[in-house]
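A.B. asks: Predicted model and sequence below, questions to follow.
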Amino acid sequence: MELIDLLDTDGIVANLRATSKKQALQELARRAAAVTKIDERKIFDVLMDRERLGTTGVGSGIAIPHGKLPELTRLYGVFARLEKPVDFQSIDDRPVDLIFVLLAPEEAGADHLKALARVSRLLRDQVTTDKLRGTADADALFAILSESQETRAA
């Protein structure tokens, strides 16, 4: 499975306005609900439950909130570039401005872990993150994420 298979242009937020981690996750849950057709509150609760276990702020201004929902039949991704970075209690204490939400079915198991690893690899690439931070257009963000996957496959 390619990372781009998880994304849809409706799941890309180019200039997310949020002043806190909670507000960012609420908005991303709303966006994920539109893409997955799952209740927004269920998505938000799953993401917050995961944050209570430990931050998904992986460092370098990046967070990868994730969770499993029994109603899902496949993996979904939602990506946001924040208008202004927010405190995410990240492992390096830096505020977050790029967030990739990953939602998986309960039985996803290894596929969920593979997708998390793929997202992590993608967002560790400095060239990719510089491009993502340098655009405020959803279509351009989608193209960058698509291009990055194709480049890695080559």
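C.D. replies: The structure has been received and is ready for your questions.

A.B. asks: mind listing the helices for the protein?
C.D. replies: Using DSSP state H, the helices of the chain run over 21-36, 40-53, 110-124, 126-133, 138-153.

A.B. asks: where does this protein dip in pLDDT?
C.D. replies: With pLDDT under 70 as the threshold, the chain has low-confidence stretches at 1, 148-154.

A.B. asks: Report the contact partners of the residue positioned nearest the centre of it.
C.D. replies: Within the chain, the residue whose C-alpha comes closest to the C-alpha centroid is residue 100; the distance, by CA atoms, centre = their mean, is 1.2 Å. Residue 100 is in contact with 62, 63, 64, 77, 78, 79, 80, 119, 123, counting by CB atoms under 8 Å, 6 or more residues apart in numbering. Heads up, the C-betas are built off the backbone N, CA and C, glycines and all.

A.B. asks: so of the residues you listed, which ones are in strands?
C.D. replies: Members of the contacts of residue 100 lying in strands (criterion: DSSP state E): 62, 63, 77, 78, 79, 80.

A.B. asks: From those residues, pick the one nearest residue 108.
C.D. replies: The shortest separation between residue 108 and any of these is 12.7 Å, and it belongs to residue 77 (by CB to CB).

A.B. asks: In stretch 80-99, which residues are buried?
C.D. replies: For stretch 80-99, burial by neighbour count (16 or more other CB atoms under 10 Å) applies to 80, 81, 82, 86, 88, 90, 95, 96, 97, 98, 99.

A.B. asks: Residue 105: how many residues sit nearby?
C.D. replies: Residues near residue 105, counting by other CB atoms under 10 Å, number 17.

A.B. asks: in terms of contact, does it touch residue 70 like I think?
C.D. replies: Yes: the pair formed by residue 105 and residue 70 meets the contact definition of CB atoms under 8 Å, at 7.1 Å.

A.B. asks: intersection of neighbour lists for those two?
C.D. replies: Applying CB under 8 Å, 6+ apart, one finds that no residue jointly contacts residue 105 and residue 70.

A.B. asks: Pull up the gap between residue 92 and residue 58, please.
C.D. replies: Computed with CB to CB, to the nearest Å, the distance linking residue 92 and residue 58 is 9 Å.

A.B. asks: that older thread, between the contacts of residue 100, which is nearest residue 20?
C.D. replies: Ranking the contacts of residue 100 by separation from residue 20, with CB to CB as the measure, puts residue 63 on top at 12.5 Å.

A.B. asks: Thank you, goodbye.
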